[in-house]
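Student: Starting from these lines, generate the structure:
(2 chains)
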Amino acid sequence: MILVAIPLFPLAASGLSAVLPGRRAAAATTFVGALASLLASGGVALRVARGAPVVAVPGWLACDGLSALVLALIALVGTASALFSWGYIDERVGGGHGGRERLYYVNFNLFLFSLLAVPLLLELALVWIAVELTTLLSVFLVSFDNTREALEAAWKYVVLTLMGAAIALLGFLLLYWGLRGTGGGAYTWAGLAAAAPRVSPALLGTAFLLVLVGFGAKTGLVPLHTWLPDAHSQAPAPVCALLSGVETTAVLYTILRLVPVVAASASFRIGAWLVAFGLLSVGVAAFLLIQTTDCKRLFAYSTVEHMGIILAAVGLGGPLVAYGAAYQITSHALTKAFCFFASGAALLSTGTREIDAIRGLIRTSPPAGAALLLGGLAIAGAPPSAVFLSEFSILRAGIAGGQFLAVGLLALFIVVAFVAIMFHVNRMVFGLPGPAAPRAGLPAACVIALVAVAVPVVLLGLYTPSVLHALLQRAAAAVER
Amino acid sequence: MVSSLNDLAGGVFLLTAFGLIVPWQAAQSLRLFVVQSMCLAASALLLASGLGAPDLIAVGALTLATKSLLIPWLLRRTVSREIYTRRELSPVVNVPSSLLVALALVVLSYFVAGPLVAAVPRTFARVNLPIGLAGLLLGAYPLLVRREAIPQVIGILAMENGAFYAGVAIAPDLPLIAELAAAFDVLVIALVLGLLTRTIHERVGTTDVASLATLREIRVSGAILRKESGAREGAAR
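Tutor: Numbers count the residues shown, from 1 in each chain, chains lettered A, B, ... in the order given. You can find the predicted model right below:
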């Protein structure tokens, strides 16, 4: 029954942060709620890693390797974001009677609730609803600043992702049709995978492409990625960490779930489609990274790049690449959350997001500067970081599989992105600081959140705990073709 | 009898999807959307008897209640009257070209749906799937070329209508909880987008969402321009 409780913690916290008196109550409740769901998800992930799938309601609510991994990541990033919000939101909108803070925390908890529901649900129609809710419940977080830019970003975000969701809806309905055509079975991921070999390949292919394009819009895959840098740059930093770190991952999870289903049909070449879509995203994002002028847009484009890498890796096929893809999901979610915390810290200490206006951060605000440098290095994939290890394992396994062209292009784009990110980060962190006086230091909660996320970001590049290794292997088995 | 009535509903559904492409006033687009939703409900009710799927009666009733009553009411409540009578002055694409594109989209839908319905015995899906797919694609068109907020909201809702129009034929026995959740979801969409439109109207003073275009990489040139003018000022000093 613990699975039922996991999303209910943030839901309860949402209600409590609306009614509890006191200025700090909302922030504290949010953190406690997120922490409770983190502890519960951690427990679930441990049990799944040991080889016991956790089932709450058969056919509706359960957790296997892949979903436990995504669930734990959402809960972890959610907890860190709640902690970061404690300092960040207080600094940005503090004072007054706290009405806007309260509003923020109510929305934040509802968003976390919808995110946690995505990996837990098995019934595909409900999964679609959960994904739709992640959009609808985060719109007012993106537009939270209520500036012209934030409203524009929120509008683009909601219109493009809902459009994508409608396209994906037809894909889900087609899958249901295919399932019924074979004589039935439950409309769950497992039921679909079992029935897939008897479904017509044309139907499976069409349905998958509809879902790939539709939910691809929400994941930030290239043809429909245009909203992503806007939304992920305008939202408050802790929300960006959730949007970029785990919302994209949670939606990508639904696409990845369909991979073994569609791979069952012989005539539809799913691998080629995934590699093509993935490489397109990586390539376009790598070159857009070069010319960006906004510190948070930099990390947003990097999200597009990483989603592409994961998709291409799954498309390459083979157990080793699948393991690399699962590792990449983990390392990206944690590192990207860290990067947005760092950019939020930079915003707090400089008051701007423009790369041109941030100079010599390491001197004007050492903690923010160090965080930004570490975040840049870690997300670009410099050696001992988690992203380096995961990208390296994908490339190595791809070459071992003999797919030289795709792996070569992937490596090229990763190098371009590395150079672009480090170029911008280098200018912001070092460079000569302007005459503007540095602002006050970071709030303690922000520093604690930064340190807490920095630990796994660095540690996972050096060493993979055996529990995580087991979990990743189970997750990889779920996406293997 | 049921089959030919369903064909009729499908025809009207497709016509309304075409109609939404034309830059009407927002209020007229909304009325077209209500007619389209009624066709969807009619198809659901007809198929309930045609396919012997009692769940579809609930689906039809839910569709009528939410999409032809609650959503127009919600949108009118959240967004001021002035926005509804506003007409787009500068359509991005003119009407004849829009209709040509729309026609191409319908042909494309029949082309995509053809191989899918060829495999199944003669059913309602042969009518509903291509028309639903066409409704989905035609709904996306206003999102790309219309400038006003409310027609874009209706575009999204029309896209969902398209998907559900195919859905009543190909997934008539979807669990009722999913149908209930979907009806709730559509209401939340209308509420959230209505509130967002109102905030944009209050803050920015327009609902011409196409004019919201500050977030572009074009800002690069803006930044450069700023820098250049700064340099010029410095030189002048």
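Student: ok, how many other residues are close to the closest residue to A:Arg23 other than its chain neighbours?
Tutor: Spatial nearest neighbour of A:Arg23, chain neighbours left out: A:Gly98 (4.8 Å); criterion: Cβ to Cβ, 6 or more residues apart in numbering or on different chains. Heads up, the C-betas are built off the backbone N, CA and C, glycines and all. Number of residues near A:Gly98 (other Cβ atoms under 10 Å in any protein chain shown) recorded here: 20.
Student: so A:Gly98 makes contact with A:Ala26?
Tutor: Yes: at 7.5 Å, A:Gly98 counts as touching A:Ala26 under the criterion of Cβ atoms under 8 Å.
Student: low pLDDT regions in chain B?
Tutor: Within chain B, the ranges that satisfy pLDDT under 70 run B:87-92, B:121-122, B:215-237.
Student: if you set the cut-off to 50 instead, what comes out?
Tutor: B:218-237 (pLDDT under 50).
Student: Say whether chain A is contacted by the biggest helix by length in it.
Tutor: Across chain B, the longest stretch assigned as helix under DSSP state H is helix B:176-204. Yes: residues of helix B:176-204 are located near chain A by Cβ under 8 Å from any Cβ of the partner chain, namely B:177-178, B:181-182, B:185, B:188-189, B:192-193, B:195-196, B:199-200, B:203-204.
Student: Quickly find the element holding the spatially closest residue to B:Phe124 that is not a sequence neighbour.
Tutor: Residue nearest to B:Phe124 in three dimensions, not counting chain neighbours: B:Ala169, with 4.3 Å by Cβ to Cβ, 6+ apart. Assignment of secondary structure by DSSP states H and E places B:Ala169 within helix B:149-170.
Student: got the angle between that helix and helix B:176-204?
Tutor: 170 degrees (axes from the mean of the first three to the mean of the last three Cα atoms, to 10 degrees).
Student: where does the stretch 101-250 of chain A have low pLDDT?
Tutor: Those would be none, if you go by pLDDT under 50 across the stretch 101-250 of chain A.
Student: How about the residues of the stretch 201-350 of chain A by chain B?
Tutor: Counting by Cβ under 8 Å from any Cβ, the stretch 201-350 of chain A sits next to chain B at A:Ala202, A:Leu203, A:Thr206, A:Pro229, A:Asp230, A:Ser233, A:Gln234, A:Leu288, A:Gln291, A:Thr292, A:Thr293, A:Asp294.
Student: Out of those residues, which sit inside strands?
Tutor: With strands taken from DSSP state E, there is no overlap with those.
Student: Can you say which of those residues are buried?
Tutor: Using 16 or more other Cβ atoms under 10 Å in any protein chain shown as the burial test, those include A:Ala202, A:Leu203, A:Thr206, A:Pro229, A:Asp230, A:Ser233, A:Gln234, A:Leu288, A:Thr292, A:Thr293, A:Asp294 as buried.
Student: Wait, a strand at A:Cys446?
Tutor: No: residue state for A:Cys446 (DSSP: H, G, I helix; E, B strand; the rest coil) corresponds to helix; a strand is not indicated.
Student: Contacts only, for it.
Tutor: A:Phe84, A:Gly87, A:Tyr88, A:Phe341, A:Gly344, A:Ala345, A:Leu348 (Cβ atoms under 8 Å, 6 or more residues apart in numbering or on different chains).
Student: now the helices for chain B?
Tutor: Using DSSP H, helices in chain B cover B:2-19, B:26-50, B:55-63, B:71-78, B:81-85, B:95-118, B:125-145, B:149-170, B:176-204, B:219-236.
Student: wait, which of these is closest to A:Leu133?
Tutor: Checking the helices of chain B against A:Leu133 by Cβ to Cβ gives helix B:176-204 as the closest, at 7.3 Å.
Student: what's that closest one packed up against?
Tutor: Packed against helix B:176-204 by the contact rule (3 or more Cβ pairs under 8 Å, 6 or more residues apart in numbering or on different chains; DSSP states H and E) you find helix A:124-136, helix A:139-142, helix A:148-181, helix B:55-63, helix B:71-78, helix B:149-170.
Student: can you list the residues that contact the second one?
Tutor: The reference is to helix A:139-142. Here helix A:139-142 makes contact (Cβ under 8 Å, 6+ apart) with A:103-104, A:107-108, A:111, A:150, A:153-154, A:157-158, A:231, A:234-236, A:239, A:243, B:192, B:195-196.
Student: Mind doing that once more with 6 Å?
Tutor: Helix A:139-142 has contacts (Cβ atoms under 6 Å, 6 or more residues apart in numbering or on different chains) with A:Asn107, A:Ala153, A:Ala154, A:Tyr157, A:Val158, A:Ala231, A:Ala235, A:Val239, B:Val192.
Student: who touches the closest residue to B:Gly114 other than its chain neighbours in this structure?
Tutor: Nearest in space to B:Gly114, with sequence neighbours left out and distances taken as Cβ to Cβ, 6+ apart, is B:Pro130 at 7.7 Å. For B:Pro130, the contact set (Cβ under 6 Å, 6+ apart) comprises B:Ser109, B:Tyr110, B:Ala113.
Student: out of those residues, who's nearest chain A?
Tutor: Chain A lies nearest to B:Ala113 out of the contacts of B:Pro130, by Cβ to the nearest Cβ, at 8.7 Å.
Student: what are the phi and psi values for the closest residue to chain B within the stretch 251-400 of chain A?
Tutor: At 5.4 Å from chain B, A:Thr293 is the closest residue in the stretch 251-400 of chain A, using Cβ to the nearest Cβ. Here is the backbone geometry of A:Thr293 (degrees, to the nearest 10): phi -120, psi 0.
Student: name the helices or strands packed onto the strand or helix carrying A:Ile414?
Tutor: Using DSSP H and E, A:Ile414 maps to helix A:404-429. Helix A:404-429 sits against helix A:270-290, helix A:295-316, helix A:361-364, helix A:366-380, helix A:386-400, with contacts defined as 3 or more Cβ pairs under 6 Å, 6 or more residues apart in numbering or on different chains; DSSP states H and E.
Student: Would you format the ones you listed as CSV with distance to B:Leu136 included?
Tutor: Below are these laid out as CSV (distance: least, Cβ to Cβ, whole Å):
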stretch, distance to B:Leu136
helix A:270-290, 20
helix A:295-316, 24
helix A:361-364, 47
helix A:366-380, 36
helix A:386-400, 35
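Student: mean pLDDT lowest for which of those?
Tutor: Lowest mean pLDDT within these: helix A:361-364, at a mean of 84.
Student: B:Val22 and B:Pro96, how far apart?
Tutor: Applying Cβ to Cβ, to the nearest Å, the value for B:Val22 to B:Pro96 is 11 Å.
Student: typo on my end, it should be A:Ser331
Tutor: Using Cβ to Cβ, which is the criterion applied here, A:Ser331 is 52 Å from B:Pro96.
Student: sorry, back to before: the more surrounded of B:Val22 and B:Pro96?
Tutor: Relative neighbour count places B:Val22 above the other of B:Val22 and B:Pro96, with 17 against 8, counting by other Cβ under 10 Å.
Student: Give me the neighbour count for the residue nearest to that one when sequence neighbours are not counted.
Tutor: Spatially, and ignoring its direct neighbours in sequence, B:Val22 is nearest to B:Val95 (5.7 Å; Cβ to Cβ, 6+ apart). Using other Cβ under 10 Å, the number of residues around B:Val95 comes to 11.
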